[in-house]
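Trainee: Fold the stuff below for me.
(chains A, B, C and D)
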There are 2 protein chains.
Amino acid sequence: MTESELPMALRATYLALHRRTDARFAPYGVTADQFVLLATLARRGTPTQREIARHMPSDPSTVRAMLALLEERGLVQRDRHPTDLRARTATLTTAGKRKFQQLMKAGEPIRAEMVDSLQPNEVEMLVKLLRKVAASLNTERVSVG
Amino acid sequence: MTESELPMALRATYLALHRRTDARFAPYGVTADQFVLLATLARRGTPTQREIARHMPSDPSTVRAMLALLEERGLVQRDRHPTDLRARTATLTTAGKRKFQQLMKAGEPIRAEMVDSLQPNEVEMLVKLLRKVAASLNTERVSVG
DNA sequence: TATTGTTATACTCTATAACTATA
DNA sequence: TATAGTTATAGAGTATAACAATA
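Mentor: Prediction:
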């Protein structure tokens, strides 16, 4: 097994997931990445844009662009933070919550398919290994030039 | 463990890899995706654009755009296929081969970091599990509406 | 001084549809 | 008829830098 098989396998699997999800969500007018943003709001309630960016993870200006798009479509509402006047919070509108529920349901077969392709203990193992790798990639490193 | 942890862990890990790789390759003026294309040419020699698209995997028009970009920069050369006059082949130029070698070397610490974060048998297991999931996601399915 | 967000800007990747040339 | 590629076009995500407002 060569060293590049891991990155390539990771890429191939993720891209397959991403394309399947995009195709599945297209009739709802939402991309896979937008779904992740909606899911972040569904889970976290009323985070600031900064918190969203950290959580996705993504860049603040990317998050801003995505939120502006979703706000235009009535799925998301942005407000001033109650105490920190620099910050803006975002939250799902009623339409946004409904859309998110539809997407969760529409995506269910894809998630089931992934999980069903493995034994239950293998799913657990895969998640554990992925998190170990992610942690190592996200570790702050001293630049060696 | 909920069902969505697997897709989310997969996404988080891949994005971490992608961002690290993009940052690492930026001084060379090449993106992570362009590197995958160069690696495809390095491995397969003189494939047609169609073959590249299948292998990456990507869309023929995306591949065309990427190849045009890389050709402009002198890393790739495109020619007519010797027997199928519809087809175009692509291959690395001398500069492209050199650039690919540099990138392989520059990317080595990232690949090593991923592999070193796991036991050897865990690396093998992870690749195996990723491929099983990818296979299930790529299976042709009958549309159920 | 540091942080949050905005704006302007640019690049890359993605993908569909209509088209030409060839098999 | 089907396939390989091109072109036009559009949308989406990414990210940097300069900036204003606030902490």
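
Trainee: Can you pull the phi and psi angles for residue A:79?
Mentor: phi -140, psi 160 (degrees, to the nearest 10).

Trainee: That one pairs with what?
Mentor: residue A:89 (DSSP bridges).

Trainee: Would you mind measuring from it to residue A:98?
Mentor: 20 Å (Cβ to Cβ, to the nearest Å). C-beta coordinates here come from the backbone N, C-alpha and C atoms, glycine included.

Trainee: in a helix, that's where residue A:3 is, yeah?
Mentor: No - Residue A:3 sits outside any helix when classified using DSSP: H, G, I helix; E, B strand; the rest coil, being coil.

Trainee: Can you show me the strands along chain A?
Mentor: Using DSSP state E, the strands of chain A run over residues A:76-80, A:88-92.

Trainee: For chain A, which residues are neighbours of DNA strand D?
Mentor: A:31, A:33-34, A:58-62, A:65-66, A:69, A:83-86 (Cβ under 7 Å from any atom of the strand).

Trainee: Mark which of those residues are buried, thanks.
Mentor: A:31, A:33-34, A:58, A:66 (16 or more other Cβ atoms under 10 Å in any protein chain shown).

Trainee: Output the below-cut-off pLDDT ranges for chain A.
Mentor: A:1, A:140-145 (pLDDT under 70).

Trainee: Grab the longest helix from it for me.
Mentor: helix A:94-116 (DSSP state H).

Trainee: now that helix against strand A:76-80, angle please.
Mentor: Helix A:94-116 runs at 120 degrees relative to strand A:76-80, counting by axes from the mean of the first three to the mean of the last three Cα atoms, to 10 degrees.

Trainee: right, is helix A:94-116 up against DNA strand C?
Mentor: No - under the criterion of Cβ under 7 Å from any atom of the strand, helix A:94-116 makes no contact with DNA strand C; the nearest approach is 14.7 Å.

Trainee: Ok, stretch A:26-39 next?
Mentor: No - using Cβ under 7 Å from any atom of the strand, stretch A:26-39 stays clear of DNA strand C, with a minimum separation of 7.9 Å.

Trainee: Chain A: helices as residue ranges?
Mentor: Under the criterion DSSP H, chain A contains helices at A:5-25, A:32-44, A:49-55, A:60-72, A:94-116, A:120-138.

Trainee: Could you save those as a markdown table and add columns showing distance to residue B:53?
Mentor: Formatted as a markdown table, those follow (distance: least, Cβ to Cβ, whole Å):
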| stretch | distance to residue B:53 |
| --- | --- |
| helix A:5-25 | 13 |
| helix A:32-44 | 20 |
| helix A:49-55 | 33 |
| helix A:60-72 | 27 |
| helix A:94-116 | 23 |
| helix A:120-138 | 27 |
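
Trainee: Centre-most residue in chain A?
Mentor: Nearest residue to the geometric centre of chain A (Cα atoms, centre = their mean): residue A:36, 3.0 Å.

Trainee: In contact with the residue nearest to it when sequence neighbours are not counted: list those residues for me.
Mentor: Excluding its sequence neighbours, the residue lying closest to residue A:36 (Cβ to Cβ, 6 or more residues apart in numbering or on different chains) is residue A:56, at 6.1 Å. By Cβ atoms under 8 Å, 6 or more residues apart in numbering or on different chains, the residues touching residue A:56 are A:36-37, A:40, A:63.
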